[in-house]
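Visitor: quick one, structure for this:
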Amino acid sequence: MASVVLPDLGGPALAVVELDSIARGFVVADALLKRARSRIGMAEPVTPGKYVLMFGGEVGEVEESFRAAVEAAGSSLIDQLLLPQAAAPLVAGLQGRFHHGLEESLGFVETQTVASAVRSADAALKRAEVFLTRLHLARGIGGKGYYGLAGSLHMVQAALEAAASAIDAGMLVTTEIIQRPHPELKGPVT
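Guide: The predicted structure follows:
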């Protein structure tokens, strides 16, 4: 249930740069690749006319590429994220691997941008013992992001609190929790 399935990015660091200009997105991609040895996992225009770049690799390389990307983005920058040590379940989710078991509770987070979704998911997964059940970024949802978490009620609540506090209030659309979810919610519901 991933909208984006990334290849192995070759290291623990992950970065996202979102722009309000598609043309500038190509310039930024070129700049970050020229600066250091990062691997681009996503570089594409998304509705409503934004350009999203997600890249990763070794920490030092990604930090250098990230600086070049932000510098090249200039006033086109909408949102940005640099995670030197992305949570392992987040990386697995970005590669299309999710937990599919039925748990006591489900939590959902919806954000305005890809970077804010990834940032908040990382915080949630690092704060509480929860599973990532789905992750949808940008495509077909107006450039937004959302993801699902599963676990015990108190852990999902703690994860949602961490998710909400990790991003600016204006980037958070909502958090929702479902206790004792219907068994079909673990399957085809996206």
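Visitor: ranges for the strands of this structure?
Guide: 13-19, 39-46, 50-57, 77-83, 105-111, 131-137, 145-151, 172-179 (DSSP state E).
Visitor: which one of those strands lies nearest to residue 124?
Guide: Smallest distance to residue 124 across the strands of the chain (C-beta to C-beta): 6.1 Å, for strand 145-151. Quick note: C-beta positions are derived from backbone N, CA and C, even for glycine.
Visitor: where in the protein is pLDDT low?
Guide: 1-3, 186-190 (pLDDT under 70).
Visitor: tell me the domain ranges of it?
Guide: 13-83, 88-186 (automatic domain parsing).
Visitor: in the protein, which residue is most central in space?
Guide: When C-alpha atoms, centre = their mean is applied to the chain, the residue found nearest the centroid is residue 118 (2.3 Å).
Visitor: is it true that it touches residue 137?
Guide: Yes - Residue 118 lies in contact with residue 137 (C-beta atoms under 8 Å); the separation is 7.5 Å.
Visitor: joint contacts of these two?
Guide: residue 145 (C-beta atoms under 8 Å, 6 or more residues apart in numbering).
Visitor: which one of the domains of the chain lies closest to residue 5?
Guide: domain 88-186 (4.1 Å).
Visitor: chain center to that closest one, what's the gap?
Guide: The chain centroid and the centroid of domain 88-186 are separated by 10 Å, computed with C-alpha atoms, centre = their mean, to the nearest Å.
Visitor: distance to residue 5 added to the domains of the chain, as TSV?
Guide: As requested, the domains of the chain are exported to TSV (distance: least, C-beta to C-beta, whole Å):
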stretch	distance to residue 5
domain 13-83	9
domain 88-186	4
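Visitor: closest to residue 6 out of those?
Guide: domain 13-83 (3.5 Å).
Visitor: span of that closest one from start to end?
Guide: This stretch, domain 13-83, spans 6 Å end to end (C-alpha to C-alpha, to the nearest Å).
Visitor: now do stretch 89-103
Guide: Per C-alpha to C-alpha, the first residue of stretch 89-103 is 16 Å away from its last.
Visitor: next, the buried residues of it.
Guide: For stretch 89-103, the neighbour count (16 or more other C-beta atoms under 10 Å) marks 89, 90, 91, 92, 93, 94, 95, 98, 99, 103 as buried.
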